[in-house]
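K.L.:
coordinates only, no sequence provided:
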Ligand SMILES: [Cu+2]
């Protein structure tokens, strides 16, 4: 795209520099008549092309209208519902926000142990639940029995993942595992309210992957809290040993009200505009600022980061240090980047980051796209026994 002005300017210059000087010659007059005819012919061609395009557009509109019922009741429900406006509720907080923040029980970021044996069984329950996404901010979520994100699933490469998905919500939902190589129409199918669905897949690819509800409109189901992370350990010896493992799921929230008195609901207009009110790690704004993740000086810490989106990337960075190793896109079979400052994790993607910090202190981890920090995508890694917390 940026080369367009350069490719245009030489031809513009050459046409001006070769224009005839002085009075018109007979040859120039003939050329003018010819050009005049050509313009008329071109105008006709353009008119017919426009007519064709117009008809094609009408046909596309008719096809889209016919396709509408097939996309399900949810699309219909959301288009007829109040879509909301772009009024921002970022930073809304009650008078006792600090007290609430201190009392909030943080989502456990420590990577849980992978189950032993050849099969890892998980029961996942989808539920309509009111969650807190920031101190004093309530949100009507479609999420999991424990809120959003869903439980961290941890398996070993080659293990069979055995999933039972139970839908205790009011509308159909589904689950899409990015770690699976399976036919989506069979495995990621909609599960009706009150029903369960059981399936298995083999975790053949190591890494950290997103899982999410894939029911339409997917934007709304993810934005409402239906996402989580699955860690697939590679074979022993592939990754260097570390002292601590933390899992962070980045996401954003789009609100139709401040959520202080009544739970806020999803706002489709903001979601389409990609203008969130809150952005979080593990579902709650700044929860690891008041409840920092910890490490001892000299330890190596591994962060398994998934960006659930639904639409905004996270630019992962730890203030005051540099990642010793970064597996971009979590492809653990390739060589990691060494000594990098900030690595983008795309919406729907993951990354693995190793960092060794020798000096005691409070090290903020952020999405360095700083609007994300203002909206809550920030936490602290507390290295050593240092007092207090800090905001960044
Ligand atoms: Cu859903």
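P.N.:
Thanks, I have it. Remember, predicted model here, so these are calculated numbers, not experimental data.

K.L.:
can you list the weak-confidence ranges in the stretch 151-300 of the chain?
P.N.:
Within the stretch 151-300 of the chain, no stretch has pLDDT under 70.

K.L.:
got the residues of it near the ion?
P.N.:
173, 213, 215, 221, 226 (Cβ under 5 Å from the ion). Using the backbone N, CA and C atoms, a C-beta is placed for each residue, glycine as well.

K.L.:
looking at those, which are in helices?
P.N.:
Using DSSP state H, the subset of those located in helices is residue 221.

K.L.:
kindly reformat the residues of the stretch 151-300 of the chain next to the ion as CSV containing distance to residue 301.
P.N.:
CSV is the format used below for those (distance: Cβ to Cβ, whole Å):
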residue, distance to residue 301
173, 34
213, 31
215, 36
221, 32
226, 29
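
K.L.:
what about the nearest residue to residue 162 once chain neighbours are set aside, how many neighbours?
P.N.:
Distances taken as Cβ to Cβ, 6 or more residues apart in numbering place residue 121 nearest to residue 162, at 4.5 Å, with adjacent residues excluded. Using other Cβ atoms under 10 Å, residue 121 has 12 neighbouring residues.

K.L.:
list the contacts of residue 121.
P.N.:
In this structure, residue 121 makes contact with 115, 162, 164, judged by Cβ atoms under 8 Å, 6 or more residues apart in numbering.

K.L.:
how far away is the first one from residue 159?
P.N.:
Relative to residue 159, residue 115 is positioned 8 Å away (Cβ to Cβ, to the nearest Å).

K.L.:
so these two - more neighbours on which side?
P.N.:
Set residue 115 next to residue 159 and count neighbours by other Cβ under 10 Å: residue 159 wins out with 20 against 17.

K.L.:
I'd say that one and residue 203 touch.
P.N.:
Yes. Residue 159 is within contact range of residue 203, at 5.3 Å (criterion: Cβ atoms under 8 Å).

K.L.:
overlap in contacts of these two?
P.N.:
Common neighbours of residue 159 and residue 203, using Cβ under 8 Å, 6+ apart, are residue 120.

K.L.:
dump the residue contacts of the closest residue to residue 137 other than its chain neighbours.
P.N.:
Nearest non-adjacent residue to residue 137, counting by Cβ to Cβ, 6+ apart: residue 259, 4.2 Å away. Residues in contact with residue 259 (Cβ under 8 Å, 6+ apart) are 89, 92, 133, 137-139.
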